[in-house]
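Predicted structure and sequence below. I'll ask about it afterward.
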Amino acid sequence: MIKNPTFTIRRVCFDENYHPSDNTRLTTNFANLARGESRKENLRHVLRMIDNRFNSLASWDNPKGDRYSVQLDIISVEMNGHFDEKCEAFPLIELLKTTIFDKKTDNHIAGITGNNFSSYVRDYDFSLLLPEHNKNQSTFSIPSNFGDLHGNLFKCFIQSETYRESFSKLPVICLSISTNKSYYRTENQHPILGVEYQQPEFSLTDQYFQKMGMQVRYFMPSNSVAPLAFYFFGDLLSDYTDLELISTISTMETFQKVYRPEIYNANSVAPETYQPSLTHQDYSLTRVVYDREERSRLAIAQGKFTQESFIKPYHAPLEQWSASFSS
C-alpha cells in the first residue's frame, strides 16, 4: 500500500525586494511581476494598491485611510512522495498568506492563507491534458477523471499535520470569474464581501475546485466593478473575520486589475446580468507592466515539465494512491 505523501512548506516574503527562486512557478501572479526592468516599480506599485484598497474597505476608526498595511508571504508546498527510492520532492502548489499590520496598535493580525493559487499539476491538466483530449473532437468535453489526482493531492495537503501546524484556518482562494458564464446579481449583500452574484452552471474552474473539496460563491465588494469568485471550505461568511476577508479582497482584486483589466479595471460596473469579457474595450490600465501572452506560454512549458518529471514516471503509483485516497 502506498502511503500518503508528506509535505514541506517554505515561506518567502513578497515585498519590493522579492526575486523569484529557481523552483518558483513563473506563471504565478507574484513571480510574473518580479522580473524585468520594471520589477521594483511593479512590486512597489502593487503593494501600494493593496494597502490603499485594504484601508478603503476597513474605513472604521481609520480617518486618514492609512491605518493598515498588508504583508504577504509566498507559501511554497513541496510534496515528498513514497513512490520509490528515487522519488524526489515535487513543487506541488503555491499560495499567498496575508498578515495585517495595524499601525495604530502596532500589532500584527493573521490574515487568510490561500488568496492566489498556482499548481504545476493544474498547468498540466489545463494546458496539456485537456487540449489533447479535445484535439480530434467536434464538441468540447472533459476527461472523466479530470482533476481527480490534483484534487486528492490538495485535500491530502489540507488534511495533513503540516498544514494544521502551520495555519489556524482553512484556505480561501480568490480568482477571476469565468468569461464563459453569465452571473446574476441577487438581493443578498454582505457588509464586507458586498453584493452576491449567482450563476446556475459551474464553470470548468468551479468544477476543478469542487474536486479539491471547495465550494464557490461570487461577490462584488463595495466600489468594485465585477464580482470575484471565492473558493472555500466551511462557511465563508462566518468562519473569517472582517479584516481577514478584506485582506483577501484587497490582495486579489489588485492582482486582477493588473491581469484582467478588461474585467476588474473596467470603467463601468457589472450590471444585474453580467458576462465578463476579455475583449471589452472600456477599461483603464494600471502602471504595472505585465505580459499576458508570456504567462500563457509558460503555463504550457510548466505543464510539460510536470508531465515529464511527475506524471509519466509515477503514473501507476499516483493512480493507485489517488484511488485509495478517494475510497
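Thanks, I have it.

Could I get the buried residue list for the helix or strand that Arg48 is a member of?
If you go by DSSP states H and E, Arg48 is part of helix 39-57. For helix 39-57, the neighbour count (16 or more other CB atoms under 10 Å) marks 39, 42-43, 45-47, 49-51, 53-55, 57 as buried. Bear in mind the C-beta positions are built from the backbone N, C-alpha and C, glycine included.

just stretch 275-290 next, same as before
Residues of stretch 275-290 classed as buried by neighbour count (16+ other CB under 10 Å): 276, 283, 286, 288-290.

Need the contact partners of stretch 124-143.
Identification of contacts with stretch 124-143 by CB atoms under 8 Å, 6 or more residues apart in numbering yields 146-147, 150, 204, 207-208, 299-300, 302-304, 306-307, 310-311.

Leu236: what's it in contact with?
Leu236 makes contact with 172, 193, 215, 217, 230, according to CB under 8 Å, 6+ apart.

which of these tops the neighbour count?
Leu193 (26 neighbours; other CB atoms under 10 Å).

Can you give me the distance of it to His133?
36 Å (CB to CB, to the nearest Å).

excluding its backbone neighbours, what's nearest Ser277?
Thr179 (5.8 Å; CB to CB, 6 or more residues apart in numbering).

So which of the contacts of Leu236 sit within strands?
Cross-referencing the contacts of Leu236 against strands under DSSP state E gives 172, 215, 217, 230.

List the buried residues of stretch 156-169.
Neighbour-count burial for stretch 156-169, with 16+ other CB under 10 Å as criterion, is recorded at 156-158, 160, 162-163, 167, 169.

if we can go back for a sec, strands paired with the helix or strand following the helix holding Arg48, and their directions?
With elements assigned by DSSP H and E, the helix or strand that comes after helix 39-57 is strand 68-80. With DSSP bridges as the test, strand 68-80 is paired with strand 6-14 (antiparallel), strand 90-102 (antiparallel).

Redo those strands as TSV? Include mean pLDDT and mean neighbour count.
Below are the strands paired with strand 68-80 laid out as TSV (pLDDT from 0 to 100; neighbours: other CB atoms under 10 Å):
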stretch	mean pLDDT	mean neighbour count
strand 6-14	91	16
strand 90-102	94	21
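
Can I get those strands in TSV including distance to Ser69?
Shown next, in TSV, are those (distance: least, CB to CB, whole Å):
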stretch	distance to Ser69
strand 6-14	13
strand 90-102	5
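
And these: which comes nearest Pro63?
In terms of CB to CB, the element of these nearest to Pro63 is strand 90-102, at 14.5 Å.

residue ranges of the helices in the stretch 151-300 of the chain, please?
Using DSSP state H, counting those that start in this stretch, the helices of the stretch 151-300 of the chain run over residues 161-166, 204-211, 242-259, 261-264, 292-306.

Just flag the most distant two among the contacts of Leu236.
Using CB to CB, the contacts of Leu236 span at most 14.0 Å, a distance reached by Leu193 and Gln215.

Show the contacting residues for the spatially closest residue to Gly194 that is not a sequence neighbour.
Counting by CB to CB, 6+ apart, Pro221 is the residue found nearest to Gly194 once chain neighbours are left out, at 3.9 Å. Shown in contact with Pro221 (CB under 8 Å, 6+ apart): 57, 192-194, 228, 249, 253.
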